[in-house]
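Q: structure for this input, please:
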Amino acid sequence: MVAFENVRMAIVHDMIVDRGGAERVLLYLHKAFPHADIFTTAYLPQNTYEEFQEIYIRSTWYDKLVFDETYYRKLYFPFGLVAAHRVDLRAYDIVLQSTTHGAKYARVSKDALVISYCHAPFRLAWNPSSYSQVDRGGILKKAMYRIVINYLRRLDYKAAQRVDVFWTNTKRTAERIHVTYGKEVSKILNPPVDCSRFYVSNQHQDYFLVVSRLESYKRVELAIQAFNYLGFKLRIVGRGTQKEFLHSLANKNIEFLENISDQDLAKLYSQCRALIFPQEEDYGITPLEANASGRPVIAFGRGGILETMIPFSEENHMATALFFQQQSVQSLIGAVNKFRTISFDPNFIRKHAEEFDISRFVDRTRSELFDQAQKYFD
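A: Numbers count the residues shown, from 1 in each chain. Prediction:
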């Protein structure tokens with residue numbers, strides 16, 4: 001048996017080039033295992049959370065080629081793949097992957113315990129139609145994408161077979177991992193919200209809020225089109241490949257923000273009327289961040305949000321969210337109009353978010369990894 005305190009451990013993350021939910025989870029994994037070395041294919045400190053600047057992060061040459069998430073994705077095939085395979089973790093006894101794609105491809109020792117916190121199966125490989133570039137491409141472009149996607153599927157599936165233990169965020173994602181990779185998930189570890197970063201305010205302003213990457217599968221255009229019609233103020237925090245397109249859709253009542261501080265984001269959450277969440281996500285941390293600020297969520301009622309929110313109904317007014325059932329502009333408009341007739345309890349919403357606080361995540365993650373290591377090295 002190997003003494004656990006003498007085990008060398010690495011955490012490897014796909015990319016640290018944006019301010020998303022996966023990057024937050026990485027910070028919380030680091031909090032759980034502060035002595036683990038952190039690796040990634042590309043690290044752009046100016047584009048992500050400030051907390052990463054306090055951590056020594058080992059990246060590859062790939063971050064010299066990319067300037068933001070858009071470049072990262074455009075150059076991913078083949079440069080990002082090559083960079084992912086160059087991450088050498090063969091000196092480590094335990095490798096914890098925080099991944100949807102590239103972290104799975106890092107080189108590991110045949111004797112290492114490999115644990116994958118899988119946020120979702122690789123979207124481009126297994127759900128390519130969710131990308132507008134693939135779905136709306138011409139005949140020639142779609143044929144080229146099929147070749148690339150088939151290659152990515154073979155590569156991704158093979159890499160997943162090296163994983164000894166899968167963790168994930170929701171029961172829904174666990175089912176997708178089983179269908180995609182033929183692997184059972186040993187533990188559901190809901191990504192946490194750091195409630196200490198957020199607060200309940202008595203000063204609410206007359207705007208709604210979106211906090212999201214500006215990518216096609218996030219469906220931000222639904223919120224823009226709905227609020228163009230409603231005329232209510234909407235603030236959108238985020239950036240991504242659809243930035244110019246979404247700007248072109250928006251009327252003057254819609255404001256775009258990016259590169260804001262954590263303090264300013266907390267203020268935006270605390271003073272908004274509600275968070276708008278139009279996408280179908282495997283999990284989704286932003287609704288919990290809104291709840292930690294005492295604010296409700298207007299959300300498309302499918303996906304991981306069903307496992308984190310308490311939906312409003314005529315029978316249950318103690319709720320944290322109002323769901324709309326069709327992923328359409330009209331359904332969202334109807335939900336916003338109904339929301340204006342409902343009262344939510346900010347203190348109840350905050351207490352609900354505290355059930356997902358970071359302290360619980362850290363304790364559960366440490367305990368689960370210790371148990372897996374004891375079994376593996378015994």
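Q: neighbours around residue 65, how many?
A: 14 (other C-beta atoms under 10 Å). Every C-beta, even on glycine, is put in place using the N, C-alpha and C of the backbone.
Q: please disregard the earlier target; I meant residue 111.
A: Neighbours around residue 111, by other C-beta under 10 Å: 10.
Q: repeat for residue 179
A: Residue 179, neighbours per other C-beta under 10 Å, totals 11.
Q: which strand or helix spans it?
A: If you go by DSSP states H and E, residue 179 is part of helix 171-181.
Q: and the helix or strand just after that helix, how far out from the chain middle?
A: Using DSSP H and E, the helix or strand that follows helix 171-181 in sequence is strand 185-188. Here strand 185-188 is found 18 Å from its chain centre; the criterion is C-alpha atoms, centre = their mean, to the nearest Å.
Q: what lines up beside strand 185-188 in the sheet?
A: strand 165-168 (parallel) (DSSP bridges).
Q: flag every buried residue along the partner strand.
A: Buried residues in strand 165-168, counted by 16 or more other C-beta atoms under 10 Å: 165, 166, 167, 168.
Q: same check on stretch 103-111?
A: Buried, per 16+ other C-beta under 10 Å, within stretch 103-111: 103, 104, 105, 106, 108.
Q: in stretch 246-260, what counts as buried?
A: Under 16+ other C-beta under 10 Å, the buried positions of stretch 246-260 are 246, 250, 254, 256, 257.
Q: turn the buried residues of stretch 103-111 into a markdown table, including secondary structure and distance to residue 19.
A: Listed next are the buried residues of stretch 103-111 as a markdown table, based on DSSP: H, G, I helix; E, B strand; the rest coil; distance: C-beta to C-beta, whole Å:
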| residue | secondary structure | distance to residue 19 |
| --- | --- | --- |
| 103 | helix | 18 |
| 104 | helix | 23 |
| 105 | helix | 24 |
| 106 | coil | 23 |
| 108 | strand | 28 |
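Q: between those, which sits nearest residue 293?
A: residue 103 (30.7 Å; C-beta to C-beta).
Q: quick one: low-confidence ranges for the chain?
A: 1-5, 131-138 (pLDDT under 70).
Q: contact partners of the lengthiest helix in it?
A: Longest helix of the chain, by residue count under DSSP state H: helix 139-161. Contacts with helix 139-161, where a contact means C-beta atoms under 8 Å, 6 or more residues apart in numbering, come from 77, 81, 101, 104-105, 116, 121-122, 124-126, 128, 133-134, 137, 180-181, 183.
Q: of these, which belong to strands?
A: Residues of the contacts of helix 139-161 located in strands (DSSP state E): residue 116.
Q: show me which of the contacts of helix 139-161 are buried.
A: 81, 101, 104-105, 116, 121-122, 124-126, 128, 134, 180-181, 183.
Q: before we move on, back to that, any chance of the buried residues of stretch 103-111 in JSON lines with distance to residue 274 as columns?
A: Shown next, in JSON lines, are these (distance: C-beta to C-beta, whole Å):
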{"residue": "103", "distance to residue 274": "34"}
{"residue": "104", "distance to residue 274": "37"}
{"residue": "105", "distance to residue 274": "40"}
{"residue": "106", "distance to residue 274": "40"}
{"residue": "108", "distance to residue 274": "44"}
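Q: so which of those residues comes closest to residue 18?
A: residue 103 (15.2 Å).
Q: not counting sequence-adjacent ones, nearest residue to residue 267?
A: residue 201 (7.8 Å; C-beta to C-beta, 6 or more residues apart in numbering).
Q: ok, now residue 59?
A: residue 43 (4.1 Å).
Q: the one you found: neighbour count?
A: Quick note: residue 43 (other C-beta under 10 Å) scores 21 neighbours.
Q: wait, isn't it in contact with residue 16?
A: Yes: the criterion here is C-beta atoms under 8 Å, and residue 43 meets it with residue 16 at 4.6 Å.
Q: what touches both of these two?
A: Joint contacts of residue 43 and residue 16 (C-beta under 8 Å, 6+ apart) are 52, 57, 59.
Q: residues contacting the first one?
A: What that stands for is residue 52. So, once contact is read as C-beta under 8 Å, 6+ apart, residue 52 ends up touching 16, 23, 27, 43, 45.
Q: how far does the longest helix of the chain sit from the chain's center?
A: 23 Å.
Q: so that helix versus helix 171-181, what angle?
A: 100 degrees (axes from the mean of the first three to the mean of the last three C-alpha atoms, to 10 degrees).
Q: buried residues, helix 139-161. List them.
A: Buried residues in helix 139-161 (16+ other C-beta under 10 Å): 145, 148, 149, 152, 153, 155, 156, 157, 159, 160.
Q: among those, which one lies nearest to residue 93?
A: Among those, and counting by C-beta to C-beta, the member closest to residue 93 is residue 159, at 19.3 Å.
Q: how near is the closest one to residue 101?
A: When C-beta to C-beta, to the nearest Å is the yardstick, residue 159 and residue 101 sit 9 Å from each other.
Q: any chance you could map the helices in the stretch 151-300 of the chain?
A: Assigned by DSSP state H, counting those that start in this stretch, the stretch 151-300 of the chain shows helices spanning 171-181, 220-230, 243-249, 262-271, 286-292.
Q: ok, now which ones touch residue 224?
A: Neighbours of residue 224 in contact, by C-beta under 8 Å, 6+ apart: 234, 236, 246, 249, 250, 254.
Q: and with 6 Å instead?
A: 249, 250 (C-beta atoms under 6 Å, 6 or more residues apart in numbering).
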